[in-house]
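A.B. asks: fold the following and give me the result.
(one chain, ligands or ions: 1)
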Amino acid sequence: MDYTKLKNCELFLFDMDGTLYLGDEVYEGARELMFDFPRMGKRYIYLTNNSSRAGEDYIHRLRRLGFPCERENVFTSGMATGLYLNQHHPGASVYLAGTRAFHRELLSYDIRLVNDELGHTESELVDVVVQGFDTELVYEKLERACHFLRRGAVFIAANPDWVCPMPADEVLPDCGSICALLTASSGREPTFIGKPNRNMVDVISAMTGVPNEKICCVGDRLYTDIAVAQNAGAVSVLVLSGETTPEMAAAAERQPDYTLPSVKELHELIR
Ligand SMILES: [Mg+2]
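C.D. replies: I've put the predicted structure just below:
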């Protein structure tokens with residue numbers, strides 16, 4: 001195996017759940033790898049499709065788990081959604097079906113939200129409906145989102161994940177599953193902002209000045225973590241520490257550039 005392309009990468013984008021840890025269980029070698037980046041002369045960003053928490057929440061969570069993390073080391077699908085709205089729908093009125101944390105995140109991008117953080121709104125028409133991984137979902141939000149979508153609002157979703165992995169083989173219904181409900185009831189399909197939309201890598205490349213081909217995406221999920229790298233022309237590393245089994249990896253239509261048991265082996269290759 002030729003690892004030149006991997007060793008030449010300057011910036012590493014890490015998925016978190018199933019890649020660095022699961023729940024509160026940190027994988028062996030994960031912290032050591034992250035603390036070694038300054039010495040290796042490379043940079044890193046924690047990249048998550050989870051739109052239920054704000055970037056600030058991730059800084060606290062990662063530090064509590066013993067990882068190094070500054071503001072510039074975190075990028076979420078919620079942050080990408082804020083940037084996307086400002087770029088493609090400047091000044092638009094937005095109905096958000098998401099958590100209070102996502103609500104705060106979008107306000108920090110000066111998005112014109114027409115609802116309060118619990119989803120209540122007086123508006124009868126809006127320009128855009130944004131759906132997130134809403135762990136605070138109530139029926140009123142679905143009813144409002146369906147109402148606006150049937151009247152022509154643009155449909156944007158933070159991330160396409162069907163489920164969010166949890167310890168002990170549990171999963172939570174994620175944004176993709178909630179969107180499937182809205183699609184069934186409104187006939188409308190969303191534009192997904194998070195991985196595998198190459199926009200996630202393109203925005204980071206623009207922010208850091210590192211070209212896509214010198215960016216490496218590391219993750220445990222083929223249809224998001226690996227697909228985003230392939231869509232953006234970045235390097236991909238699949239780790240088998242999360243949801244992808246060796247059988248699933250072997251059956252993948254588009255193979256990742258590299259497949260490794262875990263981030264510990266990645267560290268050994270790039271150190
Ligand atoms: Mg994952």
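
A.B. asks: now the strands: where do they sit in the stretch 151-271 of the chain?
C.D. replies: Under the criterion DSSP state E, counting those that start in this stretch, strands of the stretch 151-271 of the chain are mapped to 154-157, 163-166, 170-173, 191-192, 215-219, 235-239, 258-260.

A.B. asks: would a markdown table of those with mean pLDDT, distance to His267 and mean neighbour count be doable?
C.D. replies: The C-beta positions use only the backbone N, C-alpha and C, and glycine is treated the same way. As requested, the strands of the stretch 151-271 of the chain are exported to a markdown table (pLDDT from 0 to 100; distance: least, CB to CB, whole Å; neighbours: other CB atoms under 10 Å):
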| stretch | mean pLDDT | distance to His267 | mean neighbour count |
| --- | --- | --- | --- |
| strand 154-157 | 98 | 34 | 22 |
| strand 163-166 | 88 | 23 | 16 |
| strand 170-173 | 94 | 28 | 13 |
| strand 191-192 | 96 | 31 | 18 |
| strand 215-219 | 98 | 11 | 28 |
| strand 235-239 | 98 | 11 | 25 |
| strand 258-260 | 98 | 10 | 19 |
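
A.B. asks: skipping adjacent residues, who's closest to whichever residue of the chain sits closest to the ion in space?
C.D. replies: Using CB to the ion, the closest approach of the chain to the ion is made by Gly18 at 3.6 Å. Among residues not flanking Gly18 along the chain, Gly242 sits closest, at 2.3 Å (CB to CB, 6 or more residues apart in numbering).

A.B. asks: for the chain, just list every one of the helices.
C.D. replies: 4-7, 30-35, 37-40, 55-64, 77-88, 100-108, 139-150, 175-186, 199-208, 227-232, 246-251, 263-270 (DSSP state H).

A.B. asks: out of those, the one nearest Cys216 is which?
C.D. replies: Closest to Cys216 of these, according to CB to CB: helix 4-7, at 6.5 Å.
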